[in-house]
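# this is a predicted model, with the sequence first.
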Amino acid sequence: MKEFGERIRKLRESVKLSQAKIAKLIGTSQVSINRYESGGGEPPLKTLIWYADYFDVSIDYLLARTDNPQGKLYDFQPEMLREKMESKEDWELFVEMCFDPNSPMGTRLKKALLQVAGEQK
């Protein structure tokens with residue numbers, strides 16, 4: 001769990017918190033935090049979830065299963081949705097359904113979204 005220790009240490013240091021302060025926030029001891037950061041022990045699931053929530057990263061990132069802090073599936077798009085959105089007409093219909101036709105900003109927002117989507121392809 002060496003990578004886990006390095007990652008949680010870097011995250012803690014990035015927000016300029018001491019091991020004692022993180023321990024107090026989590027509800028554990030500074031000795032436990034030091035053990036996790038040095039690779040000498042594994043945190044309980046509750047602590048792992050706390051780190052992921054507090055630093056807004058995925059557990060996969062903490063466990064070094066990915067280098068992407070949002071996780072492996074952050075940009076995942078189901079195959080069915082990808083197929084449906086390949087045609088411009090389907091995409092425009094989808095965007096049309098997302099906005100209230102009575103909204104004064106609806107037309108501008110739809111136009112902006114369609115423009116951004118066109119640039120992404």
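The structure has been received and is ready for your questions. This one's a predicted model, so the numbers in the text were calculated from it and none came from an experiment.

# the residue nearest the centre of the chain sits in which helix or strand?
Residue closest to the mean C-alpha point of the chain, counted by C-alpha atoms, centre = their mean, is Q70 at 3.2 Å. Counting by DSSP states H and E, there is no helix or strand that carries Q70.

# okay, now the domains of this structure?
Per the record, the chain has its domains at 2-62, 79-120, by automatic domain parsing.

# residues near V15, how many?
10 (other C-beta atoms under 10 Å). Bear in mind the C-beta positions are built from the backbone N, C-alpha and C, glycine included.

# from Y51, how far off is it?
Noted for V15: a distance of 12 Å to Y51, by C-beta to C-beta, to the nearest Å.

# what number of residues lie near I59?
By the criterion of other C-beta under 10 Å, I59 has 15 neighbours.

# next, count neighbours for the residue nearest to it when sequence neighbours are not counted.
Nearest residue to I59 in three dimensions, chain neighbours excluded: A52, at 5.0 Å (C-beta to C-beta, 6 or more residues apart in numbering). A count of nearby residues for A52, using other C-beta under 10 Å, gives 18.

# likewise for E37?
21.

# which stretches of this protein form strands?
Counting by DSSP state E, the chain forms no strands at all.

# lowest-pLDDT helix or strand in it?
The weakest-scoring helix or strand in the chain, judged by mean pLDDT, DSSP states H and E, is helix 79-84 (a mean of 56).

# for the residue nearest to the centre of the chain, which non-adjacent residue is spatially closest?
Nearest to Q70 is S58, by C-beta to C-beta, 6+ apart, at 6.0 Å.

# which residues touch R7?
Y61, L62, A64 (C-beta atoms under 8 Å, 6 or more residues apart in numbering).
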